[in-house]
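In: fold the following for me, if possible:
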Amino acid sequence: MSDPTTPAAWANQFASLWMVCGQGFPVDVKEIALEVTKTRFSDPVGLVRAHGIQGIDGILSKRKRGDWCISYDETITVPGRINFTLGHEFGHYLLHRKIREEGFQCGQAEMLDYESPESRKFESEANKFASYLLMPATDFRSQIEGQVVTLDLLGHCANRYGTSFTATALKWVELTDQPALLAMARDGFICWSYPSRRARLLRTYLPPGTPVPQSSLRRLNSAADINRRNQGSRVPPGVWHPELEAEEFVIISDHFDLAIFLVRFPYAGMVEQAEEKDWDAFTFFENRAQG
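Out: Model (predicted):
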């Protein structure tokens, strides 16, 4: 079997193998890494274990015996974070171990820092691999097809795939045919935003440093508004788009002090789509960082 050349192709190969074998979700990254690599590669993953180092989510390291070890921070309490970390480090193993033999040490800063020129390519590719392995596009579409997004729907998908809310929401925006925007914010300013395919045509992208709308900050900071946050709130034009009303969900992020804003534009009507190449979330961030 020839080796794939892209993160998505690698992930699709392993995800297909997992499903063909009749396995359910979530995908067991540890089992795949240990069992498949020992029969396929001369330098397999020989050990997957907790490393006991807080602040370092995952490590890929080469052992003296010539095989590789994937280790993770077992103290992480956010549901799905460990699973995604294992997928991320396995992606480094498949894609990058021959390029950087000293291995990788990854925290959330590396996994989310799409602007860093030093780590942008490797981290983006490892994230893409983990996303496609844990949340195969065909199965994910079957879960969301014909449904309006709600936090309950995203929670269902996060539970099914064993992924964090952030990774699941990003995957939904990547695959949905609805105009929608996912924005990550810290201290009242946008860190990054990712529009869906239809939303890009509406020019909904918000560059880093854009202030978060004041009404959204008030909803985020109002503990009494928790039920409304979960249900979503209709907001007028001029908040998230100059001309379009929107429906806004505010999600407390599972990464540090960040907040997620998931914004739908259900009143935009049908948008005529020109031919454009395929995009996915992590390619979008990599290309955007390159200008």
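In: CA atoms for contacts and neighbours, from now on please.
Out: Fine.
In: residue ranges for the strands of the stretch 1-150 of the chain, please.
Out: For the stretch 1-150 of the chain, the strands defined by DSSP state E, counting those that start in this stretch cover 45-50, 58-62, 68-72, 104-106.
In: ok, residue 26 - contacts?
Out: 134, 160, 161, 162 (C-alpha atoms under 8 Å, 6 or more residues apart in numbering).
In: farthest-apart pair in the residues you listed, please.
Out: Pairwise distances across the contacts of residue 26 peak at 9.6 Å for 134 and 160 (criterion: C-alpha to C-alpha).
In: looking at these two, which one has more neighbours?
Out: A direct count of neighbours by other C-alpha atoms under 10 Å for residue 134 and residue 160 places residue 134 higher, at 26 against 17.
In: what's that one in contact with, if anything?
Out: Residues counted as contacts of residue 134 (C-alpha under 8 Å, 6+ apart) are 15, 26, 27, 84, 87, 161, 162, 163.
In: neighbours around the closest residue to the second one other than its chain neighbours, how many?
Out: With C-alpha to C-alpha, 6 or more residues apart in numbering as the criterion, residue 26 has its nearest non-adjacent residue at 4.4 Å, and that residue is residue 161. By the other C-alpha under 10 Å criterion, the neighbourhood of residue 161 contains 23 residues.
In: now residue 123
Out: 25.
In: repeat for residue 22
Out: When neighbours are counted by other C-alpha under 10 Å, residue 22 registers 8.
In: from residue 29, how far off is it?
Out: According to C-alpha to C-alpha, to the nearest Å, residue 22 and residue 29 sit 15 Å apart.
In: residue 205 reaches residue 195, doesn't it?
Out: Yes - counting by C-alpha atoms under 8 Å, residue 205 touches residue 195, with 6.0 Å between them.
In: can you pull out the helices in the stretch 151-291 of the chain?
Out: 151-161, 165-175, 197-201, 214-221, 226-231, 281-289 (DSSP state H, counting those that start in this stretch).
In: got JSON lines for the strands of the stretch 1-150 of the chain, with mean pLDDT too?
Out: Shown next, in JSON lines, are the strands of the stretch 1-150 of the chain (pLDDT from 0 to 100):
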{"stretch": "strand 45-50", "mean pLDDT": "96"}
{"stretch": "strand 58-62", "mean pLDDT": "95"}
{"stretch": "strand 68-72", "mean pLDDT": "96"}
{"stretch": "strand 104-106", "mean pLDDT": "88"}
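In: can you redo those as JSON lines with mean neighbour count?
Out: Below are the strands of the stretch 1-150 of the chain laid out as JSON lines (neighbours: other C-alpha atoms under 10 Å):
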{"stretch": "strand 45-50", "mean neighbour count": "18"}
{"stretch": "strand 58-62", "mean neighbour count": "24"}
{"stretch": "strand 68-72", "mean neighbour count": "24"}
{"stretch": "strand 104-106", "mean neighbour count": "18"}
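In: could you dump those strands to CSV with distance to residue 6?
Out: Listed next are the strands of the stretch 1-150 of the chain as CSV, based on distance: least, C-alpha to C-alpha, whole Å:
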stretch, distance to residue 6
strand 45-50, 20
strand 58-62, 19
strand 68-72, 21
strand 104-106, 19
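In: nearest residue to residue 76 in space, please, no chain neighbours.
Out: residue 82 is the one closest to residue 76 (C-alpha to C-alpha, 6+ apart), at 6.9 Å.
In: report pLDDT for that neighbour.
Out: You'll see residue 82 listed with a pLDDT of 91.
In: what about it, how many neighbours?
Out: Neighbour count for residue 82, taken as other C-alpha under 10 Å: 21.
In: how about it, what does it touch?
Out: 57, 72, 73, 74, 76 are the contacts of residue 82 under C-alpha under 8 Å, 6+ apart.
In: identify the bridge partners of the closest residue to the fourth one other than its chain neighbours.
Out: This points to residue 74. Using C-alpha to C-alpha, 6+ apart and skipping the chain neighbours, the partner closest in space to residue 74 is residue 50 (5.5 Å). With DSSP bridges as the criterion, residue 50 is bridged to residue 72.
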